[in-house]
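*Asks:* Below is the sequence, then the predicted model.
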Amino acid sequence: MASSRRIIAGTVIATVSTAVVAVAAGYGVRSIVQGAVTENIFWGVRSTFSRASRAVVAAGAAWSGTEDIGTLRDRISVLESERAVLADVQEENEFLRRAAELPARKERRAVIGGVFAYGVAGAQIRMTVNRGSAHGVTAGSAVVTDGGVLVGVVDRVTPQSSAVRVLEDPGSQVTARIGGTPVSGLARVAPDGRFIFDLVAKDETVSEGALVISSGLDDIPAGLIIGTVRAVDPESTTLFQTVTVDAAYRDGPVDRVLILIP
């Protein structure tokens, strides 16, 4: 029995030590001596780190045989939860570090939000984030990823959440241009459901694979990535070229976003 307690306690300490060292390394901590972080602890992990440290001390007591195996297993569950919290804090702050380099981030007030719902209601495509008017979010705010990819625009706001109309919603439209060129137009959804770069004159040159970015001629900041050109049909029967675009926000999962408030 004593041997079993030692094994479980050792697992507890190893679990917490791994989490603490990983998070400490992620936040630029300059030195770690005998498991104790000595300086430069990021404010966002202090309280959670403190709780985890107390749990390590408790696990040490358990090692001496003062607690039974069932209690130690409960402690492992608690510590796994603490590690998950630490990992979430680390991910959020890494997100903010990357987002800090965005030019649009420097021009507008930004709020980080978590995505907790995404779906289609009729013809509408909406994303819901856990930030609202209580956090300063207003309708018309651009919603982007940490890489500067435009996801959509805030459509409706409640005190604690916001509905985002994503780019491929039929009601969305953003003034746009081809990156590195003066070719401008409108990114929107065509009647047939395709996401297109519209209002491009037939004498303009647009190549497949070209980057489409926001032009800043509306309320959306300039330079945000919208997508890439998939196909060009200069022979369409309309006055303009038909340019089909692949929306960039679909390239990866979106679970955290940055809301750029005008």
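*Replies:* Arrived safely. Numbers count the residues shown, from 1 in each chain.
*Asks:* for the stretch 51-200 of the chain, what spans make up the helices?
*Replies:* Assigned by DSSP state H, counting those that start in this stretch, the stretch 51-200 of the chain shows helices spanning 69-99, 103-107.
*Asks:* shaky segments in the stretch 1-150 of the chain?
*Replies:* Counting by pLDDT under 70, the stretch 1-150 of the chain shows low-confidence ranges at 1-67, 84-85, 87-106, 122-123.
*Asks:* From Ala248, how far out is the closest residue in space to Ala247 that isn't next to it in sequence?
*Replies:* Closest residue in space to Ala247, ignoring its immediate chain neighbours: Gly227 at 4.6 Å, by CB to CB, 6 or more residues apart in numbering. Any C-beta I mention is one placed from the backbone N, CA and C, and that applies to glycine too. From Gly227 across to Ala248, the span is 5 Å (CB to CB, to the nearest Å).
*Asks:* More neighbours: which of the two?
*Replies:* Gly227 (25 against 22; other CB atoms under 10 Å).
*Asks:* contacting residues around that one?
*Replies:* 167, 187, 195, 211-212, 245-248 (CB atoms under 8 Å, 6 or more residues apart in numbering).
*Asks:* So what sits opposite it in the bridge?
*Replies:* Counting by DSSP bridges, Gly227 forms beta bridges with Val212, Ala247.
*Asks:* So for it, what's the pLDDT?
*Replies:* Predicted confidence (pLDDT) for Gly227: 96.
*Asks:* same question, Gly193
*Replies:* The score at Gly193 is 89. That number is its pLDDT.
*Asks:* Quick one: list the elements packing against the longest strand seen in the chain.
*Replies:* The single longest strand within the chain, with elements called by DSSP state E, is strand 109-121. Contact partners of strand 109-121 among helices and strands, from 3 or more CB pairs under 8 Å, 6 or more residues apart in numbering; DSSP states H and E: helix 69-99, strand 124-129, strand 256-261.
*Asks:* in that strand, what's buried?
*Replies:* Within strand 109-121, the residues scored as buried using 16 or more other CB atoms under 10 Å are 110-113, 115.
*Asks:* Can you tell me which of these comes closest to Ala121?
*Replies:* Val115 (16.0 Å; CB to CB).
*Asks:* these two touch, right, that closest one and Val129?
*Replies:* Yes: applying CB atoms under 8 Å, one finds Val115 in contact with Val129, separated by 5.6 Å.
*Asks:* shared neighbours of the two, anything?
*Replies:* In contact with both Val115 and Val129: Val257, using CB under 8 Å, 6+ apart.
*Asks:* Perfect, that will be all.
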